[in-house]
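> I'd like to go over a predicted model; first the sequence, then the structure.
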Amino acid sequence: MGGRTTKIHAVVDGLGLPIEIRITEGQIGDVKQWDLALKGESAKYVICDKGYDSTEFRAHIEKAGSKPVIPGRKHRREQIEYDTHVYKERYLVENFFCKIKEYRRLATRYDATTNAFRAFVILAAILLWL
């Protein structure tokens, strides 16, 4: 794992500050990281992009006492209803990614090893908290 195709999966709070971060290989689907969104504190809504669209994931969110706000993928047989006004709050996680990519080392992924890349992602997250 490592290199230019690695993905950063992040859970942020209501202020856009990171709570949980995971690094995966680029070819691994987003929805396989569903357990990341359900760790830690409970939330009224769990907001994710289309990459996390899964009936099983939605069931886990509802079982945890939250409401899933995830648009359905285009190829779904039955389209999913979701709250578009709440979904607009997803900008918080996108802003987190924009903020950490201000560090050139992360934006260009100079690090060849996953551990070094993860360390700098976590360092950038710590700087945001400070």
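The structure has been received and is ready for your questions. Nothing here was measured: the structure is a model prediction, and the numbers come from that model.
> any chance you could map the helices in the chain?
34-37, 55-63, 84-87, 91-100, 104-107, 114-129 (DSSP state H).
> neighbours around the nearest residue to residue 65 once chain neighbours are set aside, how many?
Once flanking residues are discounted, residue 65 sits nearest to residue 42: 5.8 Å by C-beta to C-beta, 6 or more residues apart in numbering. Where you see a C-beta, it was placed from the backbone N, CA and C, and this is true even at glycine. Residues lying near residue 42 (other C-beta atoms under 10 Å) number 9.
> could you pull up the contacting residues of residue 99?
By C-beta atoms under 8 Å, 6 or more residues apart in numbering, the contact list for residue 99 reads 16, 124, 128.
> now the second one: how far from residue 18?
Which is residue 124. 9 Å (C-beta to C-beta, to the nearest Å).
> compare neighbour counts for the two and give me the winner.
residue 18 (22 against 19).
> you'd agree that one is up against residue 12?
Yes - using C-beta atoms under 8 Å, residue 18 is in contact with residue 12, at 5.5 Å.
> which residues touch residue 44?
66-67.
> oh, that last question was meant for residue 13, not what I typed.
Taking C-beta under 8 Å, 6+ apart, one finds residue 19 in contact with residue 13.
> please report phi then psi for it.
phi -90, psi -170 (degrees, to the nearest 10).
> wait, residue 61 touches residue 43, no?
No - look at residue 61 against residue 43 with C-beta under 8 Å: they stay out of range, at 9.4 Å.
> from residue 6, how far out is residue 112?
If you go by C-beta to C-beta, the gap between residue 112 and residue 6 works out to 11 Å.
> the more surrounded of those two?
Neighbours per residue (other C-beta under 10 Å) separate residue 112 from residue 6, with residue 6 holding more: 18 against 10.
> need the residues touching each of residue 18 and residue 12.
Residues touching both residue 18 and residue 12 (C-beta under 8 Å, 6+ apart): residue 96.
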